[in-house]
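Participant: Next input, structure requested:
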Amino acid sequence: MKILQIVRQFRPSTGGLENAVEGLSHAVQEAGHEVNIVTLRKIFSTGELAPMCSIEKGLNISRISSWGSRRYSIAPGVLKHIDSHDVLHVHAVDFFIDFLAFSKVFHKRPIVLSTHGGF
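Facilitator: Numbers count the residues shown, from 1 in each chain. Here you go, the predicted structure:
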């Protein structure tokens, strides 16, 4: 199974959400599934732009452009990354869950949401 982890911030950004997604991604890989991560390119803590793609600690990471606030960064480019995946796992309640739920009629992928304490 191919699983796409979708999270606002990931490596090189660090924090609780990033650590949770990293740990889960490694566990899913160890269970024999393929995992890819999509995150925003802009690192909120520094304002820097991370590379568009990288492999870090054995995880394939794609980064996309966005605009808007930290809490609700608008990034419709996420649609370009979902085609080859069986499941979309969105971490946190933000633009990604709203946009992917709204567009589910087109992409037809199952969506899993982990709020990480937001609700």
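Participant: how about the helices in the chain?
Facilitator: Listed in chain order, the helices of the chain (DSSP state H) span 16-30, 95-102, 104-107.
Participant: For W67, find the nearest of these.
Facilitator: Comparison of the helices of the chain against W67 by CB to CB identifies helix 95-102 as nearest, at 10.3 Å. (Glycine included, C-beta is placed from N, CA and C.)
Participant: Tell me the buried residues in stretch 14-29?
Facilitator: Of the residues in stretch 14-29, those scored as buried under the neighbour-count criterion (16 or more other CB atoms under 10 Å) are L17, E18, V21, E22, L24, S25, V28.
Participant: can I get the helices of the chain in a markdown table with mean pLDDT?
Facilitator: Shown next, in a markdown table, are the helices of the chain (pLDDT from 0 to 100):
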| stretch | mean pLDDT |
| --- | --- |
| helix 16-30 | 96 |
| helix 95-102 | 98 |
| helix 104-107 | 96 |
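Participant: Of those, which is nearest K80?
Facilitator: Among these, helix 104-107 comes nearest to K80, with 11.0 Å by CB to CB.
Participant: follow-up on the earlier one: can you convert the helices of the chain into CSV and add a column each for distance to S54?
Facilitator: Listed next are the helices of the chain as CSV, based on distance: least, CB to CB, whole Å:
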stretch, distance to S54
helix 16-30, 13
helix 95-102, 20
helix 104-107, 25
